[in-house]
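**Student:** got a structure for you, letters missing:
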Ligand SMILES: Cc1cc2nc3c(=O)[nH]c(=O)nc-3n(C[C@H](O)[C@H](O)[C@H](O)COP(=O)(O)OP(=O)(O)OC[C@H]3O[C@@H](n4cnc5c(N)ncnc54)[C@H](O)[C@@H]3O)c2cc1C
Ligand code: SF4
């Protein structure tokens, strides 16, 4: 055999660079389902089911085009259950001259495959991943010599370079950023009618995979069942395109306005739910951005919504990928705030009186989904304020969400949410009292705690821990110009009030 094309579980597209020049007569494809990938972190049932089902759908589509495929199934008794083991088995069988792959998303996997190529002496060719707008090399160039990396510079550079939402040299609509028109709450009356998102009925392959996952990974977190409510994620390209279209038609116009809002028993709101399809490469970043821009050009969605949505993909998604590759592997070890509390046990079952956390966690375990503000300002904020060890909370996020892959999850957790990188990614920690959650949701209306109280029997743990965080990190925070106002407010507090807060915070930590 001439070339063996390696396709990982998050590289499921036939247009990938790894397939360039593919010769059906001489080349073959390798794919492997292995326990290791579901167990190196305690992956949730939703996440495992999505990856395996999408891989099987992609494998099916390759076989229909008569491509030679070496595919290891999880339940094959010969499966060694590691990526290296399965690749070595295939190499021994077919003796390829060369291994070719699109650059893996994760540093850990790249290292493994490089090591294996070195060990076997088989040449490894790694090609650019063109399902992103930018290359990792371009981000390195952008980062070179800059003291601080900030999303805004990178985002504008990419918009100009790719002509996205540009009218000549000017940003469409006259502004780069429409945040001031976005990010409303639902107010007292609650959300307007929300067009329900397209959820997909699991087909035969997915039903089999869900059964396999439920028997093989029974002790893993969350649930997956063979119904639209138990698993409704797109598992192939056609389904992913339908989900994208449904979002563009029905929810994009209000995306920006309500992108930060939360509401009890409303999991989906006006979000797109396409992160897993993007990360598995069922969709490309370019086609998603083009579809959103086209909707604006046709007068179907306002500029604020479209710019807000494009900023997430062309901006944040490309930015966190750059942050990840510039900083791995040391990024995984960062703990700038020396946070060492264990992750509370209720993160694995949602069993807590704190209504915002109970809602966000139970929804996450049931669906594999929570939107950005639930991740950042509910679970992430609580962990940051409590002082949870960043590696523990990182493992939780990587485990629970269907869209969780390390290159995007890690910077969002270590950098944006936990400030464990000391400000490399975000200019200040995202901290707030329970009053922020009260403003952006109706969670507090259903809670035994009161968001405006920091001590006493009804004190909201977020509010107590917010002040406790400032007391514990006062010296570091006072050096950050963006934190000065918050530190100044702390300065107005009496020693007696500070002691009462710290006592209450210790009570919360002791559970
Ligand atoms: C602590 C934390 C952990 C996160 N972990 C992940 C993760 O494992 N995988 C993941 O894809 N996203 C992650 N995000 C980013 C974001 O929360 C999810 O992409 C989004 O909630 C997915 O839902 P959606 O598809 O409905 O997105 P929408 O709200 O509709 O946004 C559209 C798209 O923009 C992209 N996007 C939005 N925000 C970000 C961001 N901060 N970083 C990168 N891309 C972004 C996603 O591709 C998303 O699908 C995390 C955010 C936080 C704060
Ligand atoms: S009162 Fe505090 S704990 Fe309760 S829902 Fe509001 S923010 Fe969450």
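**Tutor:** Ah, there it is. What you are looking at is a predicted structure, and each value in this text was computed from that prediction instead of being measured. Ligands and ions are numbered 1, 2, ... in the order given.

**Student:** which bits of the stretch 351-500 of the chain sit near ligand 2?
**Tutor:** The stretch 351-500 of the chain comes close to ligand 2 at residues 354-356, 434, 437-438, 443-444, 447, 449, 451, 460-462, as judged by Cβ under 6 Å from any ligand atom. Yep, even glycine has a C-beta here, placed from its N, CA and C like the rest.

**Student:** confidence score at the nearest residue to residue 191 once chain neighbours are set aside?
**Tutor:** Nearest residue to residue 191 in three dimensions, chain neighbours excluded: residue 263, at 5.6 Å (Cβ to Cβ, 6 or more residues apart in numbering). Note for residue 263: predicted pLDDT of 98.

**Student:** in this model residue 188 seems to touch residue 263, though I could be wrong.
**Tutor:** No: here residue 263 does not reach residue 188: they are 11.6 Å apart, not a contact under Cβ atoms under 8 Å.

**Student:** what's around residue 197, how many residues?
**Tutor:** 18 (other Cβ atoms under 10 Å).

**Student:** sec struct for the nearest residue to it once chain neighbours are set aside, please.
**Tutor:** Leaving aside its sequence neighbours, residue 197 sits nearest to residue 268 (Cβ to Cβ, 6+ apart; 4.9 Å). For residue 268, the assignment made with DSSP: H, G, I helix; E, B strand; the rest coil gives coil.

**Student:** tally of neighbours for residue 268?
**Tutor:** 17.

**Student:** quick one, what contacts it?
**Tutor:** Going by Cβ atoms under 8 Å, 6 or more residues apart in numbering, residue 268 touches 194, 196, 197, 369.

**Student:** ok, and the most crowded of these?
**Tutor:** Ranking the contacts of residue 268 using other Cβ under 10 Å puts residue 369 first, with 22 neighbours.

**Student:** which residues of the chain fall in strands?
**Tutor:** For the chain, applying DSSP state E gives strands covering 3-6, 28-32, 69-72, 98-102, 123-127, 166-167, 170-171.

**Student:** please name the bridge partners of residue 266.
**Tutor:** residue 263 (DSSP bridges).

**Student:** what sits closest to residue 100 if chain neighbours are left out?
**Tutor:** In space, residue 100 is closest to residue 125, 4.7 Å off (Cβ to Cβ, 6+ apart).

**Student:** right, and residue 278 touches residue 288 too?
**Tutor:** Yes: assessed by Cβ under 8 Å, residue 278 is found in contact with residue 288 at 6.6 Å.

**Student:** need the overlap of contacts for those two.
**Tutor:** residue 313.

**Student:** follow-up on the earlier one: okay, residue 263 and residue 188: which has more neighbours?
**Tutor:** Between residue 263 and residue 188, counted using other Cβ under 10 Å, the more crowded position is residue 263 (18 against 7).

**Student:** let me see the mean pLDDT of the longest helix seen in the chain.
**Tutor:** If you go by DSSP state H, the chain has its longest helix at helix 45-64. Regarding helix 45-64, the rounded mean pLDDT is 97.

**Student:** which parts of it are buried?
**Tutor:** Using 16 or more other Cβ atoms under 10 Å as the test for burial, helix 45-64 gives 45-59, 61-62.

**Student:** give me the phi and psi for the residue nearest to residue 197.
**Tutor:** Backbone torsions of residue 268, given as degrees, to the nearest 10, read phi -100, psi -40.

**Student:** what is the neighbour count of the closest residue to ligand 1 within the stretch 401-511 of the chain?
**Tutor:** Going by Cβ to the nearest ligand atom, ligand 1 is nearest to residue 409 of the stretch 401-511 of the chain, at 3.2 Å. Residue 409 is flanked by 24 other residues according to other Cβ under 10 Å.

**Student:** isn't it right up against residue 400?
**Tutor:** No: Residue 409 is beyond contact range of residue 400, at 9.9 Å (criterion: Cβ under 8 Å).

**Student:** returning to what we had before: go through the strands of the chain and name the closest to ligand 1.
**Tutor:** Closest among those, using Cβ to the nearest ligand atom: strand 98-102, at 17.9 Å.

**Student:** what does stretch 63-79 rub up against?
**Tutor:** 4, 14, 22, 24, 27-35, 52, 59, 62, 81, 85-86, 89-90, 93-94, 212, 216.

**Student:** ok and the residue in the stretch 51-200 of the chain nearest ligand 2?
**Tutor:** For the stretch 51-200 of the chain, Cβ to the nearest ligand atom, closest residue to ligand 2: residue 185, 13.4 Å.

**Student:** quick one: the longest helix of the chain to strand 28-32, angle?
**Tutor:** Counting by axes from the mean of the first three to the mean of the last three Cα atoms, to 10 degrees, helix 45-64 lies at 160 degrees to strand 28-32.

**Student:** please point out which parts of stretch 323-335 sit buried.
**Tutor:** Going by 16+ other Cβ under 10 Å, stretch 323-335 has these buried residues: 323, 324, 325, 326, 327, 328, 331, 332, 334.

**Student:** and the furthest pair within these?
**Tutor:** 325 and 334 (15.2 Å; Cβ to Cβ).

**Student:** residues in contact with the residue nearest to residue 311 when sequence neighbours are not counted?
**Tutor:** Distances taken as Cβ to Cβ, 6+ apart put residue 155 closest to residue 311, at 6.3 Å, once the chain neighbours are dropped. Neighbouring residues of residue 155 by Cβ under 8 Å, 6+ apart: 176, 311, 314, 315, 318, 319.

**Student:** ok, residue 55 next?
**Tutor:** Counted by Cβ under 8 Å, 6+ apart, residue 55 has contacts 9, 12, 31, 33.

**Student:** just the buried residues of the residues you listed.
**Tutor:** 9, 12, 31, 33.

**Student:** turn the residues you listed into TSV, including pLDDT and distance to residue 151.
**Tutor:** Converted to TSV, the buried ones among the contacts of residue 55 look like this (pLDDT from 0 to 100; distance: Cβ to Cβ, whole Å):
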residue	pLDDT	distance to residue 151
9	97	28
12	98	28
31	98	34
33	98	36
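
**Student:** with the residues you listed in mind, which one is nearest to ligand 1?
**Tutor:** Of these, the one sitting nearest to ligand 1 (Cβ to the nearest ligand atom) turns out to be residue 9, at 14.3 Å.

**Student:** check the offset of stretch 153-167 from the chain's centre.
**Tutor:** With Cα atoms, centre = their mean, to the nearest Å as the basis, stretch 153-167 stands 23 Å off its chain's centre.

**Student:** again, but for stretch 101-116
**Tutor:** Distance, centroid of stretch 101-116 to centroid of chain: 20 Å (Cα atoms, centre = their mean).

**Student:** outside of that stretch, which residues touch it?
**Tutor:** Residues contacting stretch 101-116 (Cβ under 8 Å, 6+ apart): 5-8, 10-11, 16-18, 83-84, 87-88, 99, 124-129, 136, 279, 321, 324-325, 328-329, 405-408.
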